[in-house]
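Chemist: requesting a structural model of the entry that follows:
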Amino acid sequence: MTKFIFVTGGVVSSLGKGVAAAAIAAILEARHLTVTMLKLDPYINVDPGTMSPFQHGEVFVTEDGAETDLDLGHYERFIRVKMKKCNNFTTGQVYESVIAKERRGDYLGGTVQVIPHITDEIKAKIHAGAENAQIAIVEIGGTVGDIESLPFLEAIRQMRSELGRQNTLFAHLSYVPYLAMAGEIKTKPTQHSVKELREIGIQPDILLCRMDRPLPEEERNKIGLFCNVEKEAVISCCDAQSVYQVPNMLHQEGIDRLICDQLALKAPVADLSAWHRITKASEQLTHSIDIAMVGKYVDLTESYKSLSEALKHASIHTDTAIAIHYIDSEHITQKGAAHLLGDVDAVLVPGGFGSRGVEGKIQAVRFAREHQVPYLGICLGMQIALIEYARHVVGWQDANSTEFDAHTQHPVVALIEEWLNYDGKTQKRHSHVNLGGTMRLGGQHCLLEKESLAAGIYSTQEIVERHRHRYEINNHYVPDLEKAGLKVSGRSLGPEQLVEMIELPQHPWFVACQFHPEFTSTPLDGHPLFSAFAKAALVYRTKRQKAIPQ
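Modeler: Purely as a prediction, here's the structure:
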């Protein structure tokens, strides 16, 4: 029988509830327990796929093609379990399911209400997502006190009554501020947050106190007393230099012992040696490089969360400190690529949607290509690279994507209308379908060309990477592009033979891919594409420094 750990958050958002939940999962996995994770989002959107990155941050894509909350990225980076569609659901999905049942007559004419129908649906989805794991850690999105999250909180309250205390545990993450003006740590916000929970029938078993400094014993005792939580269960969770230090921090606080005691789990001592190695390696890096990430959502770097983390993983696995310079592509249009990219060791253009900032990205690609700067293009970054090549090497001055110019005479990138999905089934789309959930999504097989740079990087010819896009390279123009020197180094399996990777043999390191490799990078294993990119940047930096007169 699965045992459940419910993680809630209080006082303010953005405290790192997802990281804390993932770190707990990592510790329990290190105790040889099978763990899975779920994220319950209280917004009414069916999924975050159509939400602005400025509002929601990154959309993380699972292997089976679900567009999910970015916290699922944390989950996959901390534990060795691939998330699925069932690991993330929203209020929108819950109501959509309940209303569909009502329309079918499943409720036999009864009045459909929040309790029991909505809460029963939530509980059913939680049990389905648990998938018979020994431990299911369920993160409740939002902040305690928000009206949107009340049905979720009521559902987990009911689960405690139904399953018992030995099968459920409530962990509450709350903010404990330090007021510099008064020179004091204030526990009152946490007391009120716990009071909100207790008013709806939930008594936290563990309190995680988010702070900018360690929690003194006096405040620990005070929080335990006023929140009705054992002193040992008041956990200090202070700021860390890296999120990958959090498993060790929480283990030192004894959180896994508390969990095992309450849930009656017999498990060996946690082996966190791998996490020790990661944190130690990240603190003792020998080399350094500067990488420019040229995008359109750089004002909120959470929009590129998995990408930033993948570069941190590459940093660990190549012994190289990577400084990421987030550059708004519109600034390149205004100030010029040479001015903003002249001092970097590599250029990365990530994915994105819409025409804003595209011309600046094209200038960035041209600068990298002409100045032999290592370049990595991801999703839109590959399409931009191909448009730039078509314009400035082949000579098609109006070459473009139909996403940006529907009337271009050279649509080298166009809307894809048919492809094989993750399950091998044919999917068909047209330009008039709904935006939500209609892209090419999830893991797709890709066949790499022998002797290509891509095949050398991956050390294999067939790979599986995750996609999230509507537009593809137009195969009609590929022969002319290849005659001009561009190499297609990866294609999808199946009759469509969609272009998945391109490279420039005449360039020291110029690689672009249609998929999102950042979604499968982890701190424990890294990812070969990002490691190779970092190594190429280091070679370029070394060569550039030698060329500077002493």
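Chemist: residue nearest the centroid of this structure?
Modeler: Gly73 (3.5 Å; CA atoms, centre = their mean).
Chemist: wait, what's in contact with that residue?
Modeler: Counting by CB atoms under 8 Å, 6 or more residues apart in numbering, Gly73 touches 58, 60, 305-306, 309, 519. The C-beta positions use only the backbone N, C-alpha and C, and glycine is treated the same way.
Chemist: looking at the protein, which helix is longest?
Modeler: When the chain is parsed with DSSP state H, its longest helix is helix 528-547.
Chemist: so which elements touch that one?
Modeler: strand 287-295, helix 305-318, strand 320-328, strand 346-349, strand 375-378, helix 453-458, strand 510-513 (3 or more CB pairs under 8 Å, 6 or more residues apart in numbering; DSSP states H and E).
Chemist: buried stuff in it?
Modeler: Buried residues in helix 528-547, counted by 16 or more other CB atoms under 10 Å: 528-538, 540-541.
Chemist: which residues are contacting it?
Modeler: Helix 528-547 is contacted by residues 287, 289-291, 310-311, 313-315, 317-318, 320, 322, 345-346, 348, 372-374, 376, 457-459, 508-509, 511, 513, 517-518, 521 when judged by CB under 8 Å, 6+ apart.
Chemist: so what's the gap between that helix and the chain middle?
Modeler: Remark: helix 528-547 is offset 26 Å from the chain centroid, using CA atoms, centre = their mean, to the nearest Å.
Chemist: swap in stretch 368-376?
Modeler: Worked out by CA atoms, centre = their mean, stretch 368-376 lies 27 Å from the chain centre.
Chemist: buried residues in that stretch, which are they?
Modeler: By 16+ other CB under 10 Å, the buried positions in stretch 368-376 come out as 368-369, 373-376.
Chemist: and those as CSV, adding distance to Lys125 and pLDDT?
Modeler: Below are the buried residues of stretch 368-376 laid out as CSV (distance: CB to CB, whole Å; pLDDT from 0 to 100):
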residue, distance to Lys125, pLDDT
Ala368, 45, 97
Arg369, 48, 97
Val373, 47, 97
Pro374, 44, 98
Tyr375, 43, 98
Leu376, 38, 98
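Chemist: out of those residues, flag the one nearest to Arg31.
Modeler: Of all those, the one sitting nearest Arg31 is Leu376; the distance, using CB to CB, is 37.5 Å.
Chemist: show me the contacts for the closest one.
Modeler: Contact analysis of Leu376 by CB under 8 Å, 6+ apart lists 346-349, 511-512, 529-530, 533.
Chemist: would TSV of the contacts of Gly73 with distance to Ala128 and neighbour count be doable?
Modeler: Shown next, in TSV, are the contacts of Gly73 (distance: CB to CB, whole Å; neighbours: other CB atoms under 10 Å):
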residue	distance to Ala128	neighbour count
Glu58	25	26
Phe60	20	27
Lys305	27	21
Ser306	25	24
Glu309	28	21
Phe519	23	25
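Chemist: what would these look like in a markdown table with distance to Ala399 and pLDDT?
Modeler: As requested, the contacts of Gly73 are exported to a markdown table (distance: CB to CB, whole Å; pLDDT from 0 to 100):
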| residue | distance to Ala399 | pLDDT |
| --- | --- | --- |
| Glu58 | 29 | 88 |
| Phe60 | 32 | 94 |
| Lys305 | 32 | 93 |
| Ser306 | 30 | 95 |
| Glu309 | 33 | 96 |
| Phe519 | 29 | 97 |
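Chemist: dump these to TSV, plus distance to Leu453.
Modeler: Shown next, in TSV, are the contacts of Gly73 (distance: CB to CB, whole Å):
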residue	distance to Leu453
Glu58	27
Phe60	28
Lys305	27
Ser306	23
Glu309	24
Phe519	21
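Chemist: closest to His407 among those?
Modeler: Out of those, the member with the shortest distance to His407 (by CB to CB) is Glu58, at 32.4 Å.
Chemist: doesn't Leu300 make contact with that closest one?
Modeler: No. The criterion here is CB atoms under 8 Å, and Glu58 misses it with Leu300 at 9.4 Å.
Chemist: centre of the chain to stretch 333-344, how far?
Modeler: Mean-position distance between stretch 333-344 and its chain equals 29 Å (CA atoms, centre = their mean).
Chemist: ugh, wrong one, stretch 82-95
Modeler: Here stretch 82-95 is found 15 Å from its chain centre; the criterion is CA atoms, centre = their mean.
Chemist: and this structure, what are its domains?
Modeler: 3-8+12-278, 285-547 (automatic domain parsing).
Chemist: okay, now the unreliable bits of the stretch 1-150 of the chain?
Modeler: Scanning the stretch 1-150 of the chain for pLDDT under 70 picks out 54.
Chemist: strands of that one, residue ranges please.
Modeler: 3-10, 35-41, 60-61, 67-68, 88-90, 135-140 (DSSP state E, counting those that start in this stretch).
Chemist: would you turn those into CSV with distance to Asp398?
Modeler: Formatted as CSV, the strands of the stretch 1-150 of the chain follow (distance: least, CB to CB, whole Å):
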stretch, distance to Asp398
strand 3-10, 51
strand 35-41, 42
strand 60-61, 32
strand 67-68, 33
strand 88-90, 41
strand 135-140, 48
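Chemist: what's the closest of these to Thr190?
Modeler: Of all the strands of the stretch 1-150 of the chain, strand 3-10 comes closest under CB to CB, at 6.9 Å.
Chemist: next, the angle from that closest one to strand 35-41.
Modeler: 40 degrees (axes from the mean of the first three to the mean of the last three CA atoms, to 10 degrees).
Chemist: name the helices or strands packed onto strand 3-10?
Modeler: Under the contact criterion of 3+ CB pairs under 8 Å, 6+ apart, strand 3-10 touches helix 17-29, strand 135-140, helix 150-163, strand 168-175, helix 188-199.
Chemist: can you name the residues in contact with the fourth one?
Modeler: Contact with strand 168-175 is made by 3-12, 15-17, 20, 24, 144, 156, 159-160, 189-190, 193-194, 197, 202-211, 237, 259, 262-263, as judged by CB under 8 Å, 6+ apart.
Chemist: just the buried residues of those.
Modeler: 3-11, 15-17, 20, 24, 144, 156, 159-160, 190, 193-194, 197, 202, 204-211, 237, 259, 262-263.
Chemist: still on that earlier bit, of the contacts of Gly73, which is the nearest to Ser492?
Modeler: Ser492 lies nearest to Phe519 out of the contacts of Gly73, by CB to CB, at 17.1 Å.
Chemist: show me the contacts for the residue nearest to the closest one when sequence neighbours are not counted.
Modeler: The shortest distance from Phe519 to any non-neighbouring residue, by CB to CB, 6 or more residues apart in numbering, is to Arg466 (4.6 Å). Taking CB under 8 Å, 6+ apart, we find Arg466 in contact with 61-63, 441-444, 515-516, 519-520.
Chemist: pretty sure Arg466 sits in a helix.
Modeler: No. Remark: Arg466 does not belong to a helix; assigned using DSSP: H, G, I helix; E, B strand; the rest coil, it is strand.
Chemist: closest to Ala414 out of the buried residues of helix 528-547?
Modeler: Closest to Ala414, out of all of the buried residues of helix 528-547 and judged by CB to CB, is Leu529, at 25.4 Å.
Chemist: from Val511, how far off is that closest one?
Modeler: According to CB to CB, to the nearest Å, Leu529 stands 7 Å off from Val511.
Chemist: between those two, what contacts are shared?
Modeler: Residues touching both Leu529 and Val511 by CB under 8 Å, 6+ apart: 376, 457.
Chemist: for the protein, what helix or strand is lowest in average pLDDT?
Modeler: Among the helices and strands of the chain, strand 418-420 carries the lowest confidence by mean pLDDT, DSSP states H and E, at a mean of 43.
Chemist: below-threshold pLDDT in the chain: ranges please.
Modeler: Along the chain, segments meeting pLDDT under 70 span 54, 417-438, 549-550.
Chemist: rerun at 50
Modeler: For the chain, applying pLDDT under 50 flags the ranges 418-422, 426-427, 436-437.
Chemist: and Leu486, how many neighbours?
Modeler: 23 (other CB atoms under 10 Å).
Chemist: quick one, what contacts it?
Modeler: Contacts here follow CB under 8 Å, 6+ apart; on that basis Leu486 touches 386, 389, 393, 502, 504.
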